[in-house]
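Asks: this one's structure only:
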């Protein structure tokens, strides 16, 4: 009888030990599913230094002109390793330019003047955009690590929400909602780097002004922004 009990215990122990492998298979299957759904959906934030290209004669920037942008990008991988993807997003951007072009308005007519031999403490242009970035992505990331190299490049379409020019000198002149500005703007951009730190550059193909001139010369000025881009998962 005692021998029979010992045999039963050995059989039970053997059966118990055979139930362990299926649990490990289920765990492996679980991690495979996570990998197959891996994306790089991200919030982004950039800080830029702003320049202006194709300026009229004697039109210049002065001071430190900066820009900020933030938004969200939806990642759509296009290969099995999920190292290539297309992404589209939505965000806002703010750009400021300290310059020597004074803007005045009289009954809906806008006048532009290059400031020479005029004392003033401030003269700046500010613009706020709603922006739609669309980009092609390469990265060597995995779902287990967020430290990787990336090259993201694409186009931004921008819609002008608010604009303001402000001159402070012997008087203060503020002009908002200037209809001479291009409402829609677009241009290519690139972001490349490692992990959190990424170089970012944007060039506006659309001029800031659609119909404006100073001293008989058309203002065909375009923007160039470059700085740092940060991605947050």
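Replies: Received it, and whenever you're ready, just let me know what you need. Predicted model only: the values in this text are computed from it and were never measured. Residues are numbered from 1 along each chain as shown.

Asks: hey, what's residue 149 bridged with?
Replies: residue 194 (DSSP bridges).

Asks: now do the same contact list for it.
Replies: The contact partners of residue 149, taken as Cβ atoms under 8 Å, 6 or more residues apart in numbering, are 139, 140, 193, 194. Just so you know, the C-beta spots here come from the backbone N, C-alpha and C atoms, and that holds for glycine as well.

Asks: now do 10 Å
Replies: For residue 149, the contacting residues are 138, 139, 140, 141, 192, 193, 194, 195, 198, by Cβ atoms under 10 Å, 6 or more residues apart in numbering.

Asks: out of those, which is most surrounded?
Replies: residue 198 (21 neighbours; other Cβ atoms under 10 Å).

Asks: host element of that one?
Replies: Here residue 198 sits within strand 197-203, counting by DSSP states H and E.

Asks: flag every buried residue along that strand.
Replies: Neighbour-count burial for strand 197-203, counted by 16 or more other Cβ atoms under 10 Å, picks out 198, 200, 201, 202.

Asks: right, and out of the residues you listed, which lies closest to residue 128?
Replies: Of all the buried residues of strand 197-203, residue 128 sits closest to residue 202, with 15.6 Å by Cβ to Cβ.

Asks: and which of the contacts of residue 149 is nearest to residue 160?
Replies: Distances from residue 160 to these, taken by Cβ to Cβ, are shortest for residue 198, at 26.1 Å.

Asks: can you count the residues close to the residue lying closest to that closest one once chain neighbours are set aside?
Replies: Spatially, and ignoring its direct neighbours in sequence, residue 198 is nearest to residue 229 (4.4 Å; Cβ to Cβ, 6 or more residues apart in numbering). Neighbour count for residue 229, taken as other Cβ under 10 Å: 24.

Asks: does residue 157 touch residue 185 like I think?
Replies: Yes - counting by Cβ atoms under 10 Å, residue 157 touches residue 185, with 7.8 Å between them.

Asks: quickly list what's touching both of those two.
Replies: Here residue 157 and residue 185 have 129, 131, 206 as joint contacts, going by Cβ under 10 Å, 6+ apart.

Asks: and which of the residues you listed is nearest residue 72?
Replies: residue 131 (11.4 Å).

Asks: secondary structure element for the closest one, which one?
Replies: Assigned by DSSP H and E, residue 131 falls within strand 122-139.

Asks: single out whichever of the contacts of residue 149 has the smallest pLDDT.
Replies: The lowest pLDDT within those belongs to residue 141, which sits at 76.

Asks: so what's the spatially closest residue to residue 223 that is not a sequence neighbour scoring on pLDDT?
Replies: Nearest non-adjacent residue to residue 223, counting by Cβ to Cβ, 6+ apart: residue 204, 4.2 Å away. What the model reports for residue 204 is a pLDDT of 96.

Asks: low-confidence ranges in the protein?
Replies: For the chain, the stretches with pLDDT under 70 are 1-37, 143, 145-146.
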